[in-house]
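With the sequence up front, the predicted model follows.
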Amino acid sequence: MRDWSYYGAAHRHAVHEDEAANRLCDRTMGALRLAGDEAELRRRAGAGDRCAAITLVEILVDADRLDELRAMQEAGDDRAGATLMEALTRRGREDELRREIAAGHDVMWLVHYLNDLGRTDDALAALQEWAAQHPARARLAHARRLTVLLEHGRVEEVRRAAESGDPTAVRHLRRFLSR
């Protein structure tokens, strides 16, 4: 996972207004990374320097220091939380993914992970379990379930739900068939 970063991949190119600033950022962050100056990266990140935040997260992922990402997320850094979940997903750490979801992360990380392994029924069970634990989000879980079914060619299951009067299934099926 060397040099991998959810946040960096998603946002690095939009950090600065011009190319010169991007080059300066790359050089500065590269020098801090090479020097192992995490204290300076943390200071800069805390002061709002997005380049430093990205670099720090990359260092933590590369070194498998996911507990530090978790601590940053618990302190309010959503980028660290997303990076934590992506790293757990990419590394196949299902038990940790499940613990993070129980602690409040979006269940879709686990659903996508299970789907990627071809474990669609397990993904659907995870959604069902999540909906039971979060009744206020049952409609969202149901919509996601329908999406998973359609993505995996299980159109007849959605069709049966639509025919039984499920308006969400009707909408999902119409959208799917109109593609």
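Nice, thanks for sending it over.

helices or strands up against the longest helix seen in the chain?
Longest helix of the chain, by residue count under DSSP state H: helix 19-35. When contacts are defined as 3 or more Cβ pairs under 8 Å, 6 or more residues apart in numbering; DSSP states H and E, helix 19-35 sits against helix 38-46, helix 50-62. Using the backbone N, CA and C atoms, a C-beta is placed for each residue, glycine as well.

how does it look with 7 Å?
helix 50-62 (3 or more Cβ pairs under 7 Å, 6 or more residues apart in numbering; DSSP states H and E).

Report the angle between the helix it packs on and helix 19-35.
Angle of helix 50-62 versus helix 19-35, following axes from the mean of the first three to the mean of the last three Cα atoms, to 10 degrees, is 40 degrees.

Give me the buried positions along the following helix or strand past helix 50-62.
Next helix or strand after helix 50-62 toward the C-terminus (DSSP states H and E): helix 66-74. Neighbour counts over helix 66-74 (16 or more other Cβ atoms under 10 Å) mark 66, 68-70, 72-73 as buried.

any idea of the pLDDT on Ala9?
pLDDT recorded at Ala9 is 52.

Poorly predicted segments of the chain, please.
1-15 (pLDDT under 70).

Repeat the analysis, applying 80 as the threshold.
Applying pLDDT under 80 to the chain picks out residues 1-17.
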